[in-house]
Structure formats: structure tokens, C-alpha cells
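> Sequence plus predicted model, see below.
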Number of protein chains: 4
Amino acid sequence: MYSFKNDYSEGAHPKILNVLIQSNLEQTEGYGEDIYSIKAIELLKQKIGCSNIDIHFLSGGTQTNLTAISAFLRPHEAAIAANTGHILVHETGAIEATGHKVISVEVSYGKLKASDIKAALDAHTDEHMVKPKLVYISNPTEIGSIYKKAELEQISNFCRENNLILFIDGARLGSALCSSENDLQLSDIARLADAFYIGGTKNGALLGEALVICKDSLKEDFRFHLKQKGALLAKGKILGIQFLELFKDDLYFQLAGHANKMAELLSTNISALGYKFMINSSTNQIFPIFPNQIIKKLETKYSFHVWSKIDADNSSIRLVTSWATKQEAVEAFIEDLKNI
Amino acid sequence: MYSFKNDYSEGAHPKILNVLIQSNLEQTEGYGEDIYSIKAIELLKQKIGCSNIDIHFLSGGTQTNLTAISAFLRPHEAAIAANTGHILVHETGAIEATGHKVISVEVSYGKLKASDIKAALDAHTDEHMVKPKLVYISNPTEIGSIYKKAELEQISNFCRENNLILFIDGARLGSALCSSENDLQLSDIARLADAFYIGGTKNGALLGEALVICKDSLKEDFRFHLKQKGALLAKGKILGIQFLELFKDDLYFQLAGHANKMAELLSTNISALGYKFMINSSTNQIFPIFPNQIIKKLETKYSFHVWSKIDADNSSIRLVTSWATKQEAVEAFIEDLKNI
Amino acid sequence: MYSFKNDYSEGAHPKILNVLIQSNLEQTEGYGEDIYSIKAIELLKQKIGCSNIDIHFLSGGTQTNLTAISAFLRPHEAAIAANTGHILVHETGAIEATGHKVISVEVSYGKLKASDIKAALDAHTDEHMVKPKLVYISNPTEIGSIYKKAELEQISNFCRENNLILFIDGARLGSALCSSENDLQLSDIARLADAFYIGGTKNGALLGEALVICKDSLKEDFRFHLKQKGALLAKGKILGIQFLELFKDDLYFQLAGHANKMAELLSTNISALGYKFMINSSTNQIFPIFPNQIIKKLETKYSFHVWSKIDADNSSIRLVTSWATKQEAVEAFIEDLKNI
Amino acid sequence: MYSFKNDYSEGAHPKILNVLIQSNLEQTEGYGEDIYSIKAIELLKQKIGCSNIDIHFLSGGTQTNLTAISAFLRPHEAAIAANTGHILVHETGAIEATGHKVISVEVSYGKLKASDIKAALDAHTDEHMVKPKLVYISNPTEIGSIYKKAELEQISNFCRENNLILFIDGARLGSALCSSENDLQLSDIARLADAFYIGGTKNGALLGEALVICKDSLKEDFRFHLKQKGALLAKGKILGIQFLELFKDDLYFQLAGHANKMAELLSTNISALGYKFMINSSTNQIFPIFPNQIIKKLETKYSFHVWSKIDADNSSIRLVTSWATKQEAVEAFIEDLKNI
């Protein structure tokens, strides 16, 4: 049974394990103030091309989202998210548990547009309603689509004109940046967003997300929030050292590139066999539509999520590739699909 | 510069790194439902000698405290803690951030007694005050003392008679259980507490705490709380596999035993030189009292926390040993102390 | 300028002011433990036909909703509401501020059906999502429609089968119960709901809502929640005495009946003039559709909310009547409408 | 049985009931935007001698404290209060329920000094602890003492030098301002505090507190917080109109003056009989110490709180007077005391 279920089935890239081993017995400061975390922050600032940013390492995506968003908002302020947004549906009300409403906006293909945000603002007219204050987008989205530079610029401009905070969930940011359709760079994202994070867990790290805070007013006292939300690891070094390794020789982009390539190999071949897709994706998640009977047969050899019912006879499934996905596994899947 | 500052200066025990490497490329389920976590839970149940318990793995102590306590309490209910309690002073209001007051009880030597808890109950008389519902103790305490079985039984009995939840913070539980003065076993703790955790981070793991929920009514839906508080790691395997290794051949106790032995070596020799201690500790944290001038000299070669001012000329310092503390470092410290 | 803007434009019914005056200088217990509140609770129990209920008086609807719902739910549990639900859109995220998500369900005419609730349950499959636990409905709804007994029974049955709490917002409950289409009695509501409230503010009281808790497990310690949420008035007597007066001689129903009658007079005549309505309402809120030009003219003499755009030329408006609405004002409105 | 138990045993001053009656059937705007509330705000600004302040009317003290403090603080920030502070002990954890720790400072006589606040600041050194940000004091304190102008200036100066918000709970502010020992005026308080409230409930209103926000940065969006916390009354007029009446002809100060005079009459005579007091109070709460046997006899004719045990044979009791306390009742009490 080979798994295309997600991009966190395996552990870390061997290079990462290696640096963990090499530095293992060195005594370092606790709580992220160690030399590795400091170096990783410096390196990330270079890679992002901006020194006026604050960077913090956290353990996972939900933790990053809830810590950042609750730190950024006052009690009556709310986040706006696409109806497919991770914070809206798949984090067990983590944002609400910190006191904030998440306003759902119905969109197609997982992407918010400036006009969607405007509509949400217009619907909130007075103090009997929450005040929309933060726009949450994911790049890539939860269904694999990505934001083009022009789209992100429109959103960013709208947010700045309307005094909204733009926060980008980058749990799979590597995959977006390495997509064949992408025209964004890290420096663009830092320029356009007020805060975003660079996901490590789903791109080769054991665990770890690098939160980048660009807007000055959001930076103050952030380490208090990390501690309060249980996000300040005693052995914080293990987060910093992983990001140091991921970005030292651009391993991060190589890994994401591999994942995308494997996804593309899958989708090209699936397409060639005449199957359609729920959504066009150039990242490491693809959503082909198969007859239910074929899905049942595939399930005997591969694990994946059945995503949504298309009609009585057909469903979409989600296939996820990762830095660790083997080309042979992809080829075997295609072969099996042909032979069904 | 050698550090006696804490027990999380180094990484993980090599055996732990080893199992992480060995299992690295296996595909496993996410979010703690992997085979290693399942095995680790089974093993811990054996070691605890109780099968009717639920076990969850979390990343750190603050995260464990806030997730458990907020899951266990209704909005008007409060925790009772010693004035030195970690949740009261060193977690940036993490419990309050989930909505609950922590009632401070002034105690000596970091330990609550049943009579202290009774006094706190008696002081809360009606609905204009919070309702004390959970008793939080740490074993060992934040200042190195431990609870004897008879003391814990008294507290446990009082809690059960008064419908209070007894929660034990075991961030350094290994050190308590391996103390020369200890008469408690894991099975005692599971019998006497309603929930407790077995700290991994401070005893040889990269990160990880094993939360044990003993009382049936506290178990329901706990994974929802893990997810909501950002505590459910995508690669949850890395927590389970560490606990599996720590308890497979009782490595956990060997490591804690070593840390205690190093602390004892320090305190015996410091005592022999005529110095006194702020508190009598048989665990891996000791608090010798030195003239300030000696502290200054020690600081040139060793890092540690200056703990409290004793009088104009003397202060206590905190020396912490760990599974990784080298006997040569301890001996060097003693030698340097003699020569000052 | 006559206002049909809402049902809280005027003060209290004169009989209520009268009892406030008569009892003004009597010394009574504070915080709702006075003799008037106690008597009011006894009287309400008789009127509801059930003694095994707890009743508490609060100041307003939002306060009642947030205090009750946060008391009833554990942190990971959520409320389900119609997309028009007051807690969802018009309480500034009050429920979320207590930590709980409100799940929005798209419905027609403001009313949830058991099948809607089932769909919401089915969409929440595991611990990565909140756990739907409480169903919030308003009777009448925010757009004037009411629940028939058969509908409420279906919802109640579904909730009990699925271990969901049924909570009914009765801010305008009097108007629902006095509707010509109503077949529910207070005793039915107490039998079918787990908790509900009887609104006083919008039916003749200066302020005040009577929260009725029917389900035993929701009753414990409720006064702690009242105090914690700032809902326990020092001079709690002023709430109890109003409900005593409202229910002593069924004044509550007379007042609601008057409001409904005035609304019916409006709608019958508006209908007779050939206008349509956004929704069919038999309660004290009606939503006629007028050409925008007519609305502009009406606005010169009457105040009301323009509710929604129907098409380029027409909009619906909301007309609200109350216990204090004068028949002459209604007749004048109709006359003016005829003459436009 | 005559009650000296508190200052909320009776209803409102007759003049207040009178204006409620007179304005009862006027149609006014809801939610505090009515003409009476607007006038009351203007009048209060005149009386305070400052136009650059925002004023909001709320229902009670706990509601005011929790709404203001949660609006003013970021999640990691805490309030500092005397160990007798109302928010610390008698509001069922209302502040903690909004996510914030209240730091307790042991003081004598209920009053904080700048040096106490400094000690609390000094004890909070880094991001592992909450950040003290708001200083909460009550004037008069919960045990009847008051702040002199010089004391308040010292506190205010310290707060401004240390970027702390100074918030004054004025549930009984009238009594403080009318104390024979007082040298503060409303204008001083507005100059020295960042926010404070003028209590109506305990000084002749049916209910109502006037929150005054002086510091500009605390003013923004405050009505959102009012609504979210359930503090925005639909018939907000009933709060504004009461404050309008209370301050129109300085009724507020006459009522507080009467309460103080009655308390002074009690204490002078009790003192003349040779009894001592737990604390020296010039406000409407006094704490005489009596032999327990005398207390038992007094309890047959008067109701009051037994406050604290002084020794085996003696206890302090709390006697509270109000705007409605009758001089005959005071004289009867003294007479009874003499005759015991």
C-alpha cells in the first residue's frame, strides 16, 4: 500500500536529520534564542530579501495560524477567509477559541479576490457586527490552486487601502513558489503581505513553520504570544536548525520542486488517459475525477482521500505528493490505472 | 562555558535520534494515529500498570498544561496552584488565556498540602467567586522538592472527597521518580491523579510530553482539544517513537537517574565545602547559596540562573543537571569552587 | 416622524413602571435573590406548566445568548444557526468571543429544519473540525416567521436522538405565541427545548429576559456564569418584578397580541393596495416590498429600516410594531401610502 | 429587620423614577444613541470639565470592568490589582474569562501605591510571564478607604512613565468624592486616569455605570466591545436618562453626601461607645469591631455582613449606608447598641 494521502507521511529529509545529529550534544540557549535559530533567521532574511522583518519558528500550521491571528486582532475584529480556508473548516475552531469570528466567503477554486473581500466589508456595517480586520489566504490554496502576482497585488492593495491585515498561510508555500505557473518570489510575498509563514512540516522538515511578520505594528511582544499559546519549544534549536538546512543550499525549493514534478507526472498521465480534474492544479495536490468503481480498485493498492462526490457514479480523489514521493510509485499508479 | 542553566540545552539521547533515522522514510498515518504512537501508548500502559487510561503526546509543557486544563474545566471553574506553580508564573498567562483563573496558594518549598487546598476551597464561598475545581501540582516541584506517597495520597483523597480534579505536571517526572527519597511509582500516580504527564523534553527527547488521562469523564473528545490548541502534530509519529524508545528498555529512568546522580554529586560536594542550600532537593535541580562574589567568579566559566537574593551578600543559584550532563563538568565545577 | 423601526423605541408598559414605583423603597436582597424575583420564577413555572426548570433573569438578548451558550458548551463544541440567526450576524461575534464557532446553515425564511441540522452534522466528521453540539433557533425568526409545533417537534426529536442541545432565542417569543398561525404553548416549548428565553425588552419591559433551563445537566452552577459574564444585576429585583407583572394577569400576551394586531393591520392594508412581501409574517415584523421612490417618500414621515434590495427599482423594508404602537399611526401610514 | 447590608437594597431615587415615567412613551433611538444619552454625555463632560473624553453607559460594575479591561488589553497583557480588588476576588473570574491574568498585590487598607506597582513590574521580567499593562484601583476601595490627590498623582505619574493604563473602578465614586477627607474632583480623576467609571447603581440609580475613557488610544471602536459583551441595552435610554437626572442638579453628590453622613453618624457614635474599627473609613462603608455576642444580638434586628474574624471573641462587621438610609434607622441602631 503506497500512500498519496498527504505530504507528511514520511519523516524529514536526510540532510535535516544529519544536522540534528551533528549538533545534538552542543549546549545551546533554550526557547529559540540559540545560535542556529539566530542564523536561520538571518539566512531567511537574505533569501526573502528584506531585513526589516521578524521571524519566529513554530511547530505546526494550526499553531501558527492561531498564535498569529490572535496576536494581531483586537477582540471585536474578525478574519475573512474563503469557504475552503483551513482556519475556517479544519482547525477545530482554533481561531474562534481565541475569541475571533472567521467570516466565510463563498469562492470558486479556493481563491479570494479583492472584490470578495470588498463584499465582506460591505456586509459589515456597524458595531452590531464584527469588524473584518484580517484577510486570510492560503498559497497554494487548500485545493491546490495558486495566486498569481497580479492577483496578490490586487488583494494587497485593497487591504492597504482598507486598513486590513493580509496574512498568508504558507503551509505548502514551497509548492506554490515552485509551481510552473508561479510568478511570485519570497520577496514579493514579504512586500505584499503583512505576515505569512513558510511551511516546513509539509516540505521536508520533521516539524516547523517559519512565521514572517512584515508589518511593524504586528511585531511587538510577539514572543509573549508564542509562550502563551504553548508554541515556544524549550529545545527551540530543533526548529531553527531545520530551516537553516532547508534554506542554506535552497534544499527547500528542490524538495518542493520534486513534489510538484511528481504531481505533474501524475496529472499529465491521468489526463492522457482521458480523465478530468475537479480543479486545475500546478502544485503537489491534484484532484482527478474517477468512476467510483475505479476508485475502489485503486484503494486496494494506494491510500488517498476521496474528496467529493461529482455525480452518482464519479468522485474526485485527492492525490498528494511530497519531497519523498518515489517516481516508481507514481509510475506504478499510472500503470495500475491504465490496467484497470 | 559549561551550562548548568537547564535540562534542555542539549538535543536528544542518541538512541532516540537513531530510531528517528531508522523509521524516517516509512509512510505512517498523520496526527498521532501512526503505528509508533499506538505502540508507545500500549507500552506506557504496561509501564503504568493500567489499561483504563488515555494517553496523548504533545510537544511541550505549557501546551500540555493549557490543553488539558482548558479541556477539563467549565468556564467558571479555576485551578489551584502553589505560588511557585509553573502555570501561575511562568506560562505567560496561558491558563487565563483559555478563560480560567489560577488561584495562588502561598506555600513553603513549592508543595501543596491538603490543608492548603482546603483553605482555598473555604475562601471561595459563592457564585461571586470562581469555583475551585482543579488542583495543579508539579512533581518534582519547580524548586526541586518531591511529593512522598503519603502526601500525594492525602491530596488525592481530599480531591476525591471534594470533587476536585487532581492534575500533576510531570515535566521532570523522571527526576522525581528516580530521586533517592521517592517512594512513588507510575502506577501510584495513575491511581492517585486524575491526569498527569510524563515529560520527555527535559529527559532526553527532542520534544514531547505524554499526557495520561485517568479519570473517565475527562477523556471524551480530547483529540478535538489537541487540534484546537495547535497540539496535534502532522508528523505525530516523531512524538510516539521517542516515547517508545524512552520506555522500551527503561531508558527514561536511566537518563533521569543519571541527571539526579550528577545533581547529587554537586550538592554533596558543595555541602562538604560548607555551603548551605535554599531548599533540600533530591532531584536534578539544586539551589546552593553562595556569596555574591563567588557567584560572579563562577559565572565566568559556568552558566546558570541566579535564583534569589538571600541577604545583602549572598544569593541562591540554580544548578540543573540533565541526562547529558558530563561527570567531568561536575567535577570541574567542584574543583573551581574549591579554588575560589 | 413616527417610528416603525423597532419594538424598543418606547419605555415600559405603565403597569410595570407602577410596580417599580410601589416597591421602590422596600429593602430587598441583591443579585436576583429578592422576593419579587422568587415570586416571578414561581409564577413563570406555573405559566409554563413545569416545576422542574430553572429560571434566571438577564438584561438583554445578546447577554442571554452568550451567557447560556458559553455555559452549555465545552471548548470544542459549536452552535448551529440559520444564516439569518441573530448570534451569527448581529451580536458582534459574542459567541465566538466566548470561544465557540457558530456554524452557518443557509436556509429560506429564517427557519432551520431537522434535515438542515443533519447536513451540518454530516459535514463535521472528525476532530479536525468543531463538534456541533447546540442548535440555536429563534422563534419568531429574525425575519418574522414562526415555527409550528410539528416543525419544532421534528427538530427536538432530531436533537435528542443526536445528543444536541436545543436552545431557542425568544427575544420576541410573545409575538410568536400570539401569532394567528401559532399552535405552540409555553409548555410545548419547555418540553421540546433544552433551554429558551422569554423576551421582556421587546414586549413591554424596560429591560429583561427570562432564561428557562429545562435540561437538568445544563442547570448546575448557572449563577456563576451570570456573574462572570456581568449579567447579575445588583438590583436584580427590577428584572423579577417586571416579569411578575408581565405574567400576573397575562399582560405579556395582551401586549404581544396588540403588536401583532397592529402588524396585521399594516400588512392587510398594504396587501390590499397590491404590494407584495419579502416573506409571509404573522408576527410583529413585516417586510413589504415597495418601489424605491415610494420608500423615499415614506421616509419623510416614518422611520424604518430598508431591509434588502429586491431589484433595481424595488426594495423590502422592515416595519416593526410593538405593545406601544398606536392604531392611529398605523392608519396614518396606510393613508399616506394610498396617497403617494 | 433593617438592612445595612449594602447600598443596593432599595430602588432608585424618586426623581429618577419620575423622569423615566415622563419620558416613557417618547420614541427614541435604541442602543444608547437616544437624545437622553447624548444629553447626559454632554452634561457629564461639563461636570468633568473635559470635552476630549468618550462616555458610555453600562448596566453594572462587573460588566463595566470586563468590557473595558478586555477592550484595552492585548492577549498577553495583565491587570495589576490590590489583593482586595473587586476584579480579583468578587467577579467570578470575569477578567480571566476574557483571557487576562489579574496580578494580585498584597497591600494594607485596600490601596495600591506606586511602589507596589513597581514591585509587580519588577517581578515580571520576560516573555515567560504576562506583561503587566493595566493598573486597576477602586476609589473608594472595597474596604472604604479613599485615595488622596497626592497618592493618585503618584500612581498616575508612575503609570505614564511606565506605559501602563490606569483604570479606576468607581462603583462608589460618589461616596469617595463626598468624603470629608477627599481632595479629588472629577476633573482630577479624568486628568490622572486613562479610564474610570462613575457608579450609578450604588448611588441612587436603578442600574447604570458611566464609563469615561480619557486616553485617546483606548477609545476606538468601543461600541463594538459593548455589543460583544452584551452591554449594549436595546432601551439604552434608561441608562442615559438616569445619569442626566443624577448630574443635572448635582443630585449625585447630594445622595452620596447623605450616605456618607449616615455612615459618619454611625461611626462617630460607635466610636463614642468605645468600639474600634478594622479600618478608618470616611465613606459609606464602615467596619466596626464588636464582640461576637453583641453581633449576634444586633443580627436579630439588623442585617449586615460579618466581615472578618479579629480574634476568638471579636469580629468586624460591615455596615453600608446609601442614599436611602433613614436617619431614624441609624439612630435606632445606635440606641440598640447602647442598650445591649
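Received it, and whenever you're ready, just let me know what you need.
> domains of chain A?
As recorded under automatic domain parsing, the domains making up chain A are A:2-7+A:252-339, A:14-249.
> Which one, of these, ends up nearest to residue C:249?
Across the domains of chain A, residue C:249 has its closest neighbour in domain A:14-249 (34.7 Å, Cβ to Cβ). C-beta here means a position set from N, CA and C on the backbone, and glycine is covered the same way.
> start to end distance for the closest one?
Using Cα to Cα, to the nearest Å, the gap from the first to the last residue of domain A:14-249 comes to 14 Å.
> same check, this time on stretch A:174-194
End-to-end distance of stretch A:174-194 (Cα to Cα): 19 Å.
> what comes up buried for it?
Neighbour counts over stretch A:174-194 (16 or more other Cβ atoms under 10 Å in any protein chain shown) mark A:174-179, A:182, A:184, A:186, A:188-190, A:192-194 as buried.
> Check stretch A:68-83 too.
Of the residues in stretch A:68-83, those buried under the neighbour-count criterion (16+ other Cβ under 10 Å) are A:68-82.
> if you look at it, does any of it touch chain C?
Yes. Part of stretch A:68-83 sits near chain C under the criterion Cβ under 8 Å from any Cβ of the partner chain, namely A:75, A:76, A:78.
> Adding distance to residue D:212 and secondary structure, write those residues out as CSV.
Conversion of the residues of stretch A:68-83 next to chain C to CSV gives the following (distance: Cβ to Cβ, whole Å; DSSP: H, G, I helix; E, B strand; the rest coil):
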residue, distance to residue D:212, secondary structure
A:75, 20, coil
A:76, 20, coil
A:78, 28, strand
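> Quick one, which of the domains of chain A gets closest to chain B.
domain A:14-249 (3.0 Å; Cβ to the nearest Cβ).
> Could you tell me the average pLDDT over that closest one, please?
Per-residue pLDDT over domain A:14-249 has a mean of 98.
> chain center to that domain, what's the gap?
Per Cα atoms, centre = their mean, to the nearest Å, the displacement of domain A:14-249 from the mean C-alpha position of its chain is 8 Å.
> quick one, strands of chain A?
Assigned by DSSP state E, the strands in chain A fall at A:2-3, A:54-58, A:77-82, A:102-105, A:131-138, A:165-169, A:195-199, A:209-213, A:285-286, A:289-291, A:302-303, A:305-309, A:314-320.
> Now for the closest residue to chain D within the stretch 201-340 of chain A, how many residues are close by?
Closest approach between the stretch 201-340 of chain A and chain D, counting by Cβ to the nearest Cβ: residue A:224, at 3.6 Å. The burial metric for residue A:224, expressed as a neighbour count using other Cβ atoms under 10 Å in any protein chain shown, is 23.
> Now do the same contact list for it.
Neighbour list for residue A:224: B:92, D:76, D:127, D:130, D:131 [criterion: Cβ atoms under 8 Å, 6 or more residues apart in numbering or on different chains].
> How about it: what's its closest non-neighbour residue?
Nearest residue to residue A:224, sequence neighbours excluded (Cβ to Cβ, 6 or more residues apart in numbering or on different chains): residue D:76, at 3.6 Å.
> ok, the one you found touching residue B:96?
No. The criterion here is Cβ atoms under 8 Å, and residue D:76 misses it with residue B:96 at 10.1 Å.
> Mutual contacts of these two, please.
Between them, residue D:76 and residue B:96 have residue D:130 as joint contacts when contacts are counted by Cβ under 8 Å, 6+ apart.
> Quick check: residues of the stretch 51-200 of chain A near chain B?
Listed as neighbours of chain B in the stretch 51-200 of chain A under the rule Cβ under 8 Å from any Cβ: A:59-67, A:91-94, A:97-98.
> hmm, 7 Å instead?
Within the stretch 51-200 of chain A, the positions near chain B by Cβ under 7 Å from any Cβ of the partner chain are A:59, A:60, A:62, A:63, A:66, A:91, A:92, A:93, A:94, A:97.
> and the first one, what is it in contact with?
Read that as residue A:59. Taking Cβ atoms under 7 Å, 6 or more residues apart in numbering or on different chains, we find residue A:59 in contact with A:207, A:208, A:231, A:233, B:59, B:233.
> same thing but 8 Å
Contact partners of residue A:59, counting by Cβ under 8 Å, 6+ apart, are A:207, A:208, A:209, A:231, A:233, A:239, B:59, B:230, B:233.
> And the fifth one, by the same measure?
Contact partners of residue A:66, counting by Cβ under 8 Å, 6+ apart, are A:91, A:94, A:95, A:97, A:98, A:229, B:229, B:230.
> I'd like the distance between it and residue A:169.
For residue A:66, the distance to residue A:169 equals 11 Å [Cβ to Cβ, to the nearest Å].
> List the residues that contact residue A:323.
Residue A:323 makes contact with A:7, A:13, A:203, A:204, A:255, A:256, A:258, A:259 under the criterion Cβ under 8 Å, 6+ apart.
> Could you find the closest non-adjacent residue to the first one?
Counting by Cβ to Cβ, 6+ apart, residue A:322 is the residue found nearest to residue A:7 once chain neighbours are left out, at 3.7 Å.
> Could you give the number of residues near the one you found?
The criterion is other Cβ under 10 Å. On that basis, residue A:322 has 25 neighbouring residues.
> So it sits against residue A:202, correct?
Yes. If you go by Cβ under 8 Å, residue A:322 and residue A:202 touch, sitting 7.2 Å apart.
> Need the residues touching each of those two.
Here residue A:322 and residue A:202 have A:6, A:7, A:8 as joint contacts, going by Cβ under 8 Å, 6+ apart.
> For residue A:33, what are phi and psi?
Summarising the backbone geometry of residue A:33 under the convention degrees, to the nearest 10, its torsions are phi -100, psi 20.
> how many other residues sit next to the nearest residue to it once chain neighbours are set aside?
Spatially, and ignoring its direct neighbours in sequence, residue A:33 is nearest to residue A:236 (7.2 Å; Cβ to Cβ, 6+ apart). Counted with other Cβ under 10 Å, residues neighbouring residue A:236 total 28.
> check contacts around the closest residue to residue A:65 other than its chain neighbours.
If the residues on either side of it in the chain are set aside, residue A:65 comes closest to residue A:87, at 5.3 Å by Cβ to Cβ, 6+ apart. For residue A:87, the contacting residues are A:65, A:69, A:79, A:81, A:94, A:95, A:102, A:136, A:169, by Cβ under 8 Å, 6+ apart.
> how about the residues of the stretch 101-250 of chain A that lie near chain C?
Taking Cβ under 8 Å from any Cβ as the criterion, the neighbours of chain C within the stretch 101-250 of chain A are A:101, A:102, A:104, A:127, A:128, A:129, A:130.
> run the last query once more with 10 Å
Where proximity means Cβ under 10 Å from any Cβ of the partner chain, the interface of the stretch 101-250 of chain A facing chain C comprises A:101-104, A:106, A:123-124, A:126-131.
> Just give me the neighbour total for residue A:327.
Residue A:327 has 11 neighbours, counted by other Cβ under 10 Å.
> can you put the shared contacts of residue A:322 and residue A:202 in JSON lines and add neighbour count and pLDDT?
Supplementary listing: the shared contacts of residue A:322 and residue A:202 in JSON lines, determined by neighbours: other Cβ atoms under 10 Å in any protein chain shown; pLDDT from 0 to 100:
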{"residue": "A:6", "neighbour count": "21", "pLDDT": "97"}
{"residue": "A:7", "neighbour count": "28", "pLDDT": "97"}
{"residue": "A:8", "neighbour count": "27", "pLDDT": "97"}
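> which one of the residues you listed is nearest chain D?
residue A:8 (28.9 Å).
> Could I get the contacting residues of that closest one?
When contacts are counted by Cβ atoms under 10 Å, 6 or more residues apart in numbering or on different chains, residue A:8 is found next to A:60, A:171, A:201-203, A:205-207, A:320, A:322, A:324, B:27-31, B:233-237.
> Excluding sequence neighbours, find me the nearest residue to it.
Take residue A:8 and drop its neighbours on the chain: the residue closest to it by Cβ to Cβ, 6+ apart is residue B:234, 4.0 Å away.
> Touching, the one you found and residue A:201? I think so.
Yes. Applying Cβ atoms under 10 Å as the test, residue B:234 and residue A:201 come out as touching, 5.1 Å apart.
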